[in-house]
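Trainee: no FASTA, just this:
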């Protein structure tokens, strides 16, 4: 009796330990993986950026050339976010609500910017919209080129975020709104859009983060003209080439901080929007 | 305020949802469209609301031809099975939606919404969101939202279908009372004959895109026009050629001129009711519904020889 009792007693905590052990192991692996891949490199960048002290850091990010690059980067990223939020939602809408010949093909084309090496994308854009453009549009070496390149690489983010939500949307609430007298525009603005907002915000956050960091697609078509078409990532690359690693790291930290802020901010907004959903 | 449906037909690809349906729904009535799934009852309701365009035929509400008009211009209140609540709006904003679209003054909206919330017993819930309500409360909110625009007719598509049995029973009784107070022509779609019997003043039995019978609940139950109606609105068993309600089957121990000999195969005791499974000499099976008292008085047991007769049966040509 006592032997059985103690056997049971030891089995139960044993099982508990086993479960705890597995959880702890899982957590440890995840933490180490994230540390090696993300946290340690990011800390190293922050560390490197402050090697010369706070004054050097400040000087590095407030040099006229760095400021111009950052201004262009954030300006272009904001424009791209706004265009993508609208165009991405529209594309998702057409892909979900419309049905036309070749829809499946269009749907798979959306992911192409993700599949293509970004430098190839840059080259394609340069050939198409550069000097000697076959379609007669030359935007190369101008800030417009930055926006075009960023629009290309970030196309899938909003589309792919909105699409599944749109598919799951309760069509009956649209019919209810119609029977209550709401026209198509009112139904879209007051019934559909609020449900899509979290997805649009999520896609926009990723678009913004991707846009301020993009290198491959913009480096060819912008021509890298300081104070005009030089974006932050290309500026960072230039500083590294010139041997000024701390200055490169300092601008990197600014990009990092803004990416983080954008993602946190949009997460917060998303939470607010989804507070009352199922 | 009545609804007239005139020769309406509707096909979805190869499927005929509505054959050629004509129907008069009197003003102020509470009519149930009753039928199995695929019978066309929901399609008919959606055609009346303008959510589906019929292939042919006309819909007339309060003497006005509504065919071809979008749902926005039909003046109908529609309630869906799964509530169709605006999830990101409070209960107040849900109910006020139709009034805001009509650009009514704020004070009028406030007054009307609070009246309606009182009517559906949701006063004090105006600042909640739909997800913070129970299923029954959500459906009452949806009803208030539909009533807010003072519709000429109120259309309910399986309104209690997503609710559990207790709440469903409560809401049926409540809807009946509400209808008496409001006096708005109401059409309810349901596949549940008990629900139709309990709530409606008029039942329209539908099957395979056509109307089988129209009549008050009692009439439809006691005088079914077709074999389908007989089987759909209540339990049915067969005695030779005749269709019989199992509670209309009488069991005797002694034969008289009109009885048929049978043997008790099985007895099921369901509280007040006892179900007696019988087999005729011809080998046909049937069942009777008797009270507990009757079963014990007759001393029914498995294997007992009995004689059955019916006073009320139907033979369909």
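Mentor: In hand now; what should we look at? If you're wondering where the values come from, they're calculated on a predicted model, not measured in any experiment.
Trainee: Please make it C-alpha for all contacts and neighbour counts, starting now.
Mentor: Noted.
Trainee: Now do the same contact list for the residue most central in space within chain A.
Mentor: Nearest residue to the geometric centre of chain A (Cα atoms, centre = their mean): residue A:206, 1.8 Å. Applying Cα atoms under 8 Å, 6 or more residues apart in numbering or on different chains, one finds that residue A:206 lies in contact with A:157, A:263.
Trainee: pretty sure it belongs to a helix, no?
Mentor: Yes - according to DSSP: H, G, I helix; E, B strand; the rest coil, residue A:206 belongs to a helix.
Trainee: Give me the nearest residue to the spatially most central residue of chain B, chain neighbours excluded.
Mentor: The residue lying closest to the centre of chain B (Cα atoms, centre = their mean) is residue B:196, at 3.1 Å. Excluding the flanking residues, the one nearest residue B:196 by Cα to Cα, 6 or more residues apart in numbering or on different chains is residue B:32, at 5.7 Å.
Trainee: Bridged to that neighbour, which residues?
Mentor: residue B:188, residue B:203 (DSSP bridges).
Trainee: I figured it hits residue B:202, correct?
Mentor: Yes - using Cα atoms under 8 Å, residue B:32 is in contact with residue B:202, at 6.3 Å.
Trainee: Of those two, give the one with the bigger neighbour count.
Mentor: Comparing residue B:32 with residue B:202 by other Cα atoms under 10 Å in any protein chain shown, the one with more neighbours is residue B:32, at 28 against 23.
Trainee: Tell me how far that one lies from residue A:238.
Mentor: As judged by Cα to Cα, to the nearest Å, residue B:32 and residue A:238 stand 77 Å apart.
Trainee: same question, residue B:67
Mentor: Taken as Cα to Cα, the span from residue B:67 to residue A:238 is 70 Å.
Trainee: Also residue A:199?
Mentor: 36 Å.
Trainee: Between the two, which has more neighbouring residues?
Mentor: Shown here are residue A:199 and residue A:238; by other Cα under 10 Å, residue A:199 has more neighbours (26 against 16).
Trainee: And the next helix or strand past the helix or strand where that one lies?
Mentor: In the assignment (DSSP states H and E), residue A:199 maps to helix A:193-213. Later in the chain than helix A:193-213, the nearest helix or strand by DSSP H and E is helix A:216-222.
Trainee: my guess is residue B:123 is in a helix, correct?
Mentor: No - remark: residue B:123 does not belong to a helix; assigned using three-state DSSP, it is coil.
Trainee: my guess is residue B:195 meets residue B:172, correct?
Mentor: Yes - between residue B:195 and residue B:172 there is a contact under Cα under 8 Å: 7.3 Å.
Trainee: Need the overlap of contacts for those two.
Mentor: In contact with both residue B:195 and residue B:172: no residue, using Cα under 8 Å, 6+ apart.
Trainee: tell me the domain ranges of chain A?
Mentor: A:18-49, A:54-277 (automatic domain parsing).
Trainee: Quick one: end-to-end distance for stretch B:52-67.
Mentor: Stretch B:52-67 end-to-end distance (Cα to Cα) = 10 Å.
Trainee: now do stretch B:70-85
Mentor: 21 Å.
Trainee: check whether that stretch contacts chain A.
Mentor: Yes - Stretch B:70-85 is in contact with chain A by Cα under 8 Å from any Cα of the partner chain, via B:71, B:72, B:73, B:74, B:75, B:76, B:77, B:78, B:79, B:80, B:84, B:85.
Trainee: What of stretch B:174-187?
Mentor: No - on the criterion Cα under 8 Å from any Cα, stretch B:174-187 is out of touch with chain A, staying 15.2 Å away.
Trainee: what about residue 76, how many residues close to it?
Mentor: Chain wasn't specified; assuming chain A. 24.
Trainee: Sorry, I should have been clearer: chain B.
Mentor: Using other Cα under 10 Å, residue B:76 is surrounded by 25 other residues.
Trainee: Now residue 246: closest residue in space, sequence neighbours ignored.
Mentor: Reading this off chain A. residue A:49 (4.7 Å).
Trainee: nope, chain B
Mentor: Using Cα to Cα, 6+ apart, the closest residue to residue B:246 is residue B:288 (4.3 Å).
Trainee: Ok, residue A:123 next?
Mentor: residue A:220 is the one closest to residue A:123 (Cα to Cα, 6+ apart), at 6.6 Å.
Trainee: tell me the contacts of the one you found?
Mentor: So residue A:220 contacts A:119, A:122, A:123, A:126 (Cα under 8 Å, 6+ apart).
Trainee: which one of the residues you listed is nearest chain B?
Mentor: residue A:122 (41.6 Å; Cα to the nearest Cα).
Trainee: which element is that closest one on?
Mentor: helix A:118-129.
Trainee: State the mean pLDDT of the helix or strand that comes right after that helix.
Mentor: Using DSSP H and E, the helix or strand that directly follows helix A:118-129 along the chain is helix A:143-168. On average, the pLDDT along helix A:143-168 is 93.
Trainee: Now helix A:143-168: buried residues?
Mentor: A:143-163, A:165-166 (16 or more other Cα atoms under 10 Å in any protein chain shown).
Trainee: what does stretch B:5-15 give?
Mentor: Buried, per 16+ other Cα under 10 Å, within stretch B:5-15: B:5, B:6, B:7, B:8, B:9, B:10.
Trainee: which residues are in contact with that stretch?
Mentor: So stretch B:5-15 is contacted by B:16-24, B:48, B:53-60 (Cα under 8 Å, 6+ apart).
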